[in-house]
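Colleague: 3D, please:
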Amino acid sequence: MNLPFALSSMTFLPLIGAVILLFLKKEDARLHRIVATVFAALTFVLSVALFPQFNAGTADMQFVEQANWIPAFNIHYHLGVDGLSFPLVLLTTFLTLISIIASYGIDKRTREYFFWFLMLETGMLGLFVSLDFFLFYVFWEVTLIPMYFLIGVWGGPKREYAAVKFFLFTLFGSVFMLLSLLAIYFASGSVPGSERTFDLVKLTQLASTGQLQLVGTTGMIIFLGLYVAFAIKIPAFPFHTWLPLAHVEAPTGVSVILAGVMLKMGVYGILRVCYPILPEPTRQFLPWLIGIASINVVYGAFCALAQKDMKRMVAYSSVNHMGYCLLGMAAVMGNPNAAHAGLSGAVLQMVNHGIITASLFLLVGVIYDRAHTRDIDAFGGLAGKIPIFAGIMIVQAMASLGLPGLAGFVSEFLSFLGAFGGSFAGHDYKPWVAFSVLGILITAAFLLKLIRLVLMGEANPKWEGKMPDMTPRELVTVLPLLGLTIFLGLDPGFALRLMDTTLAQLIRIVSGQF
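Modeller: Predicted coordinates:
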């Protein structure tokens with residue numbers, strides 16, 4: 001089945017839903033939910049419809065759409081997906097639908113809430129399918145405004161502070177991205193026979209063939225500008241401080257999409273822009289990246305262990321788990337097998353983290369909706385009161401700590417395997433990998449602490465008769481994530497096959513063997 005303009009339709013379908021919401025009566029919350037759900041569901045169905053046509057055997061861009069946009073500056077409306085972006089597109093449409101269903105409890109200004117949520121989906125999808133750097137930047141900025149309002153209007157007691165902090169951190173990074181993309185644009189015009197371009201495919205070709213050489217001090221400055229923008233979004237140490245507060249104050253559905261998708265935009269940006277277009281600065285930065293990754297893993301785990309608020313604990317676990325992505329990415333040079341294992345682990349970790357952490361935020365939301373507290377010490381013995389909730393929570397916590405047979409294990413294992421076999425310019429990664437293993441132990445400690453204090457032991461009589469088990473709507477949001485956690489744990493090859501060819505080509509480009 002041929003789907004013309006499939007990526008444009010998928011990207012802007014949520015925007016159409018958002019516009020329709022503006023014409024509905026502001027008092028009709030039920031209709032707002034229906035419209036948002038229908039358009040999110042249609043977007044998800046359209047993304048899934050692309051799956052049978054996606055050819056995992058090629059690294060070329062697929063479903064490509066291209067048209068002149070601003071000819072005076074050679075800016076194009078250029079869309080496409082490959083093995084790096086397509087899994088993230090599927091993750092985005094799936095988690096947005098889940099998040100909207102999880103947001104049915106929102107009862108204040110529902111029309112505006114779902115308007116911003118659908119706008120956010122368009123921004124995220126547009127970023128993952130953009131093949132023009134200027135268009136990429138536009139969609140990057142589009143995601144900023146909806147998230148600011150979703151936190152600042154519908155968040156907790158410190159919502160304004162959390163929203164402003166998120167906005168300022170991201171805007172700070174955006175300035176560096178803008179300067180770097182302009183530098184790349186002007187540099188591309190110096191290539192003989194080439195005009196200035198923002199086209200990511202063309203820039204990758206020029207860089208991989210050695211025609212565009214962004215090296216030395218200039219290349220490193222451009223790389224660092226992009227890295228700061230992307231690292232803030234990951235978040236990589238020391239740019240992580242906005243994340244815990246944003247998660248704690250955000251509504252449950254917003255926390256799901258923030259952790260499940262928006263953090264992946266940073267890793268995706270590094271892999272889509274920095275690695276293929278700036279291979280030499282990337283190689284120079286790899287010894288630093290392995291150190292930053294190790295700090296993320298261990299520091300994030302220790303911070304999570306120290307938390308009493310369940311949501312803040314899960315938020316810091318994201319700092320820890322995104323460190324595994326950076327760990328695998330740092331292995332892109334050296335042993336080819338280790339490089340492929342590490343990069344595959346990094347991309348698979350993005351997907352797995354999105355699924356597992358989204359479910360944990362949903363489960364914390366279930367408790368908070370009933371008890372109006374997230375204090376770990378306020379509970380106990382809930383396994384005997386709400387066994388369905390407890391069973392799902394235990395499985396997803398085990399997946400998060402990397403239990404074999406569940407999704408988190410394979411991606412973490414591949415990231416460590418790649419990093420253990422990686423080295424560059426005399427820098428052996430093994431000491432950093434050994435240090436990072438401490439993060440696994442601490443992760444197990446804080447997740448087992450969560451299970452022990454909340455689900456096990458003596459029940460707190462305060463919640464007697466006030467803690468019903470999960471409702472059908474809550475199960476609808478969590479059970480698909482549980483199913484994917486088990487499925488990808490048993491058959492990780494299903495996801496790895498989508499990305500293998502694209503990642504193999506990316507490794508060749510970075511290593512200079514293209």
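
Colleague: who's in contact with the host helix or strand of residue 9?
Modeller: Taking DSSP states H and E as the definition, residue 9 sits inside helix 6-22. The set of residues that contact helix 6-22 without belonging to it, under Cβ atoms under 8 Å, 6 or more residues apart in numbering, is 3, 32, 35-36, 38-40, 42-43, 46-47, 49-50, 63, 65, 79-81, 89, 93, 96, 111, 114-116, 118-119, 121-122, 125-126, 129. C-beta: built from backbone N, CA, C; applies to glycine.

Colleague: how far away is the residue of the chain positioned farthest from its centre from residue 375?
Modeller: Largest separation from the mean C-alpha position in the chain: residue 461, at 39.1 Å (Cα atoms, centre = their mean). Relative to residue 375, residue 461 is positioned 16 Å away (criterion: Cβ to Cβ, to the nearest Å).

Colleague: before we move on, what about residue 324?
Modeller: Applying Cβ to Cβ, the value for residue 324 to residue 375 is 28 Å.

Colleague: go on, residue 110?
Modeller: The value you get for residue 110 to residue 375, if Cβ to Cβ is used, is 29 Å.

Colleague: more neighbours, these two?
Modeller: For residue 110 versus residue 375, the count of surrounding residues by other Cβ atoms under 10 Å is larger for residue 110: 23 against 12.

Colleague: return the residues in contact with the more buried one.
Modeller: 29, 32-33.

Colleague: gap between the helix or strand encompassing residue 182 and the chain center?
Modeller: Under DSSP H and E, the secondary-structure element containing residue 182 is helix 159-188. Between the centre of helix 159-188 and the centre of its chain there are 18 Å (Cα atoms, centre = their mean, to the nearest Å).

Colleague: with stretch 71-78 instead?
Modeller: Per Cα atoms, centre = their mean, the centroid offset for stretch 71-78 relative to its chain is 28 Å.

Colleague: who's in contact with it?
Modeller: Applying Cβ under 8 Å, 6+ apart, the external contacts of stretch 71-78 come out as 64-69, 130-132, 134-135, 195-201.

Colleague: pull the longest helix from this protein.
Modeller: Among the elements of the chain assigned as helix by DSSP state H, the one spanning the most residues is helix 336-371.

Colleague: which parts of that one are buried?
Modeller: Within helix 336-371, the residues that qualify as buried are 338-367, 371, counting by 16 or more other Cβ atoms under 10 Å.

Colleague: tell me which other helices or strands that helix touches.
Modeller: Contact here means 3 or more Cβ pairs under 8 Å, 6 or more residues apart in numbering; DSSP states H and E; on that basis helix 336-371 packs against helix 86-102, helix 252-257, helix 264-269, helix 310-329, helix 387-400, helix 407-420, helix 472-490, helix 493-511.

Colleague: got a list of contacts for the helix or strand following it?
Modeller: Using DSSP H and E, the helix or strand that directly follows helix 336-371 along the chain is helix 382-385. Counting contacts by Cβ under 8 Å, 6+ apart, the residues outside helix 382-385 that touch it are 367, 389-390, 454-456, 459, 463, 467, 469.

Colleague: try stretch 441-455
Modeller: Contacts of stretch 441-455 from elsewhere in the structure, counted by Cβ under 8 Å, 6+ apart, are 298, 301-302, 304-305, 307, 310, 313, 317, 320, 367, 376-377, 379-383, 390, 393-394, 397-398, 400-402.

Colleague: equivalent analysis for stretch 37-46, please.
Modeller: Outside stretch 37-46, the residues that reach it (Cβ under 8 Å, 6+ apart) are 3, 6, 9-10, 13-14, 16-18, 20, 93-94, 96-97, 100-101, 118, 121, 125.

Colleague: got the phi and psi for residue 403?
Modeller: Dihedral angles of residue 403 (phi, psi; degrees, to the nearest 10) stand at phi -70, psi 130.

Colleague: my guess is it meets residue 412, correct?
Modeller: No. Because the distance of 10.3 Å does not satisfy Cβ atoms under 8 Å, residue 403 is recorded as not touching residue 412.

Colleague: have a look at these two and say which one is more surrounded.
Modeller: With other Cβ under 10 Å as the criterion, residue 403 and residue 412 differ in neighbour count, and residue 412 comes out ahead with 26 against 16.

Colleague: skipping adjacent residues, who's closest to that one in space?
Modeller: On the basis of Cβ to Cβ, 6 or more residues apart in numbering, the spatially nearest residue to residue 412 that is not a chain neighbour turns out to be residue 402, at 4.7 Å.

Colleague: over to that neighbour. Which of the three states is it?
Modeller: Assigned state for residue 402: coil (three-state reduction, DSSP: H, G, I helix; E, B strand; the rest coil).

Colleague: among the contacts of stretch 71-78, which are in helices?
Modeller: For the contacts of stretch 71-78, the ones inside helices are 134-135, 200-201, with DSSP H as the criterion.

Colleague: got TSV for those, with neighbour count too?
Modeller: As requested, the ones in helices among the contacts of stretch 71-78 are arranged in TSV below (neighbours: other Cβ atoms under 10 Å):
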residue	neighbour count
134	23
135	22
200	23
201	18
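
Colleague: so which of these is the closest to residue 178?
Modeller: residue 134 (9.8 Å; Cβ to Cβ).

Colleague: how close does the nearest residue to the closest one once chain neighbours are set aside sit to residue 185?
Modeller: Distances taken as Cβ to Cβ, 6+ apart place residue 198 nearest to residue 134, at 4.3 Å, with adjacent residues excluded. Shown here: residue 198 relative to residue 185, a distance of 6 Å by Cβ to Cβ.

Colleague: joint contacts of these two?
Modeller: residue 133.

Colleague: so between the two, which is more surrounded?
Modeller: residue 198 (26 against 18).

Colleague: distance check, the more buried one against residue 363.
Modeller: Taking Cβ to Cβ as the measure, residue 198 falls 42 Å from residue 363.

Colleague: what do you get for residue 118?
Modeller: 25 Å.

Colleague: can you check residue 38 too?
Modeller: 26 Å.

Colleague: and stretch 504-514, which residues are buried?
Modeller: Taking 16+ other Cβ under 10 Å as the basis for neighbour counts, the residues of stretch 504-514 that come out buried are 504-511, 514.

Colleague: then stretch 177-187?
Modeller: Taking 16+ other Cβ under 10 Å as the neighbour-count basis, stretch 177-187 is seen to contain the buried residues 177-178, 180-185, 187.

Colleague: can you put these in JSON lines and add distance to residue 489?
Modeller: Conversion of the buried residues of stretch 177-187 to JSON lines gives the following (distance: Cβ to Cβ, whole Å):
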{"residue": "177", "distance to residue 489": "35"}
{"residue": "178", "distance to residue 489": "40"}
{"residue": "180", "distance to residue 489": "38"}
{"residue": "181", "distance to residue 489": "38"}
{"residue": "182", "distance to residue 489": "44"}
{"residue": "183", "distance to residue 489": "43"}
{"residue": "184", "distance to residue 489": "40"}
{"residue": "185", "distance to residue 489": "43"}
{"residue": "187", "distance to residue 489": "44"}
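
Colleague: I'd like these written out as a markdown table, with distance to residue 152 and pLDDT added.
Modeller: Putting the buried residues of stretch 177-187 into a markdown table (distance: Cβ to Cβ, whole Å; pLDDT from 0 to 100) gives the following:
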| residue | distance to residue 152 | pLDDT |
| --- | --- | --- |
| 177 | 23 | 94 |
| 178 | 24 | 95 |
| 180 | 28 | 94 |
| 181 | 28 | 94 |
| 182 | 30 | 94 |
| 183 | 33 | 94 |
| 184 | 33 | 93 |
| 185 | 33 | 93 |
| 187 | 38 | 90 |
